[in-house]
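A.B. asks: Sequence isn't available, so here's the structure alone:
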């Protein structure tokens, strides 16, 4: 049986799928033969002097060539990968100051992937605005790296609809890490702060703010949870179906998680998924 390179296997599959009407690696044998002029041909039918070739089914695994930080890596094929569903603190680079826990997350990832290859599991959106591939990383040992980073408290859950693959696993891992005060959840830098403490300087990086929702209003594109005249959280209407009845937040003390944006003399936070809102009290 002849073994072919990964590139050649992919090419053969693309050529044969229209003939077979199904994935080659799962359902058909493939045969290689040469015509009188020495040209190579591939077919799903046995011919005189043809040889059966091996097309390895399953996933393609890649070596990680470089680790930039806890949620961004580069593969051996040159692709830059941004891990889906999570966010780790920044490490120091260019004009970016180091954030608490950033080096810890990077060091864990470097150690974890030192001698392992990974496969990619992508979601609805394939790339981000920086042309990075958006993906979950699964090791040869079937370890889900995105979930493990959250489980260890090295990353916070950060869901961007429509990419909702593994949401339940990520949220559950985040709840366990927070409950057990692992990693980021034991650091003072990531403790929830009152909305009244934000002030004019705001708060850099990912943060947790807590306060009471006093008003709920809507515009053409957003629903707003207003906490004060200086702060509001906003939810895109197209993702409201992911949330419980929005009125359940009215009059409740809740915690919101994300990044602050300056907004008309105050501050705003975009909430993309209900995992970023934690109800603290009635």
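C.D. replies: Received it, and whenever you're ready, just let me know what you need. None of these values were measured; they are calculated from a predicted model.

A.B. asks: what about residue 110, which SS state?
C.D. replies: helix (DSSP: H, G, I helix; E, B strand; the rest coil).

A.B. asks: With adjacent residues omitted, what lies nearest to it?
C.D. replies: residue 67 (5.2 Å; C-beta to C-beta, 6 or more residues apart in numbering). In this view, the C-beta of every residue, glycine as well, is placed from N, C-alpha and C.

A.B. asks: Kindly confirm whether my reading is correct that residue 41 touches residue 32.
C.D. replies: Yes - counting by C-beta atoms under 8 Å, residue 41 does reach residue 32; the two are 7.3 Å apart.

A.B. asks: okay, and the helix or strand of this structure with the least pLDDT?
C.D. replies: helix 24-27 (a mean of 40; mean pLDDT, DSSP states H and E).

A.B. asks: Who has more neighbours out of residue 41 and residue 32?
C.D. replies: residue 32 (17 against 12; other C-beta atoms under 10 Å).

A.B. asks: Secondary structure element for the more buried one, which one?
C.D. replies: Under the criterion of DSSP states H and E, residue 32 resides in strand 30-34.

A.B. asks: now residue 136
C.D. replies: Here residue 136 is assigned to strand 133-139, by DSSP H and E.

A.B. asks: In that strand, which residues are buried?
C.D. replies: 134, 135, 136, 137, 138, 139 (16 or more other C-beta atoms under 10 Å).

A.B. asks: What are the neighbouring residues in contact with residue 74?
C.D. replies: With contacts defined as C-beta atoms under 8 Å, 6 or more residues apart in numbering, the neighbours of residue 74 are 64, 65, 66, 67, 68, 80, 81.

A.B. asks: Among these, the buried ones, what's the ChimeraX command?
C.D. replies: A single ChimeraX command selects the buried members of those (16+ other C-beta under 10 Å):
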select :64,67,68,80,81
